[in-house]
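**Student:** My questions are about this predicted structure, shown below with the sequence.
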Amino acid sequence: MPKTIGYHPVKSCYGLWLPGDDRDLLIVAAAVDRTHMHLLLPYTARDIDITAKWIADQTTKAVHRQASHQGPVWAKRWWRGFIFDPANFANAGRYVERNNIRHGLPARPYPWISDFPL
């Protein structure tokens, strides 16, 4: 099996995603919609399932702090793609950035997106 160079997780939510700034995770691209989010993460030794759960937990806490909604934020299931090729990594980044552009946002609208070459 080829060496994994990155991940493209997609998580569905019940409401808005409001990120906190207390992560030490490298996020290369992100698109946040009212029904789901896309992230592009470079490979790390961290387990991607544990990482995704941590992101969901942290963002749920942020929603509960910043909004009147106190119920569930994320659906139980999620999708992730394993990326093995630099060209596919770059394509996934452009795909995520196009989601932002389609919603009238800059390609990289969030200050917590890392300056990482696609």
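**Tutor:** Alright, I've got the coordinates.
**Student:** Show me what counts as buried in stretch 72-85.
**Tutor:** For stretch 72-85, burial by neighbour count (16 or more other Cβ atoms under 10 Å) applies to 73-74, 78, 80, 83. Heads up, the C-betas are built off the backbone N, CA and C, glycines and all.
**Student:** What strands line up against whichever strand or helix holds Arg80, and which way round?
**Tutor:** Arg80 belongs to strand 74-83 when assigned by DSSP states H and E. Applying DSSP bridges to the sheet, strand 74-83 is found paired with strand 6-13 (antiparallel).
**Student:** Report the central residue of the protein.
**Tutor:** Computing the C-alpha centroid of the chain and ranking residues by Cα atoms, centre = their mean puts Leu39 first, at 2.5 Å.
**Student:** tell me which element that residue falls in.
**Tutor:** Using DSSP H and E, Leu39 maps to strand 36-42.
**Student:** That strand packs against which elements?
**Tutor:** Using 3 or more Cβ pairs under 8 Å, 6 or more residues apart in numbering; DSSP states H and E, the elements in contact with strand 36-42 are strand 6-13, strand 29-32, helix 48-66, helix 86-102.
**Student:** returning to that earlier point: how much distance is there from the strand holding Arg80 to the middle of the chain?
**Tutor:** Relative to its chain's centre, strand 74-83 lies at 10 Å (Cα atoms, centre = their mean, to the nearest Å).
**Student:** what are the C-alpha coordinates of that strand, in PDB please?
**Tutor:** Listed next in PDB are the C-alpha coordinates belonging to strand 74-83 (Å, rounded to 0.1, in the frame of the first residue of the first chain):
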ATOM      1  CA  TRP A  74     -22.500  16.500  14.400                       C
ATOM      2  CA  ALA A  75     -24.100  13.400  12.900                       C
ATOM      3  CA  LYS A  76     -22.600  10.200  14.100                       C
ATOM      4  CA  ARG A  77     -21.100   9.100  10.700                       C
ATOM      5  CA  TRP A  78     -18.400  10.800   8.700                       C
ATOM      6  CA  TRP A  79     -16.400  10.200   5.600                       C
ATOM      7  CA  ARG A  80     -12.700  10.400   5.100                       C
ATOM      8  CA  GLY A  81     -10.500   9.900   2.100                       C
ATOM      9  CA  PHE A  82      -6.900   8.800   2.400                       C
ATOM     10  CA  ILE A  83      -4.600  10.600   0.000                       C
END
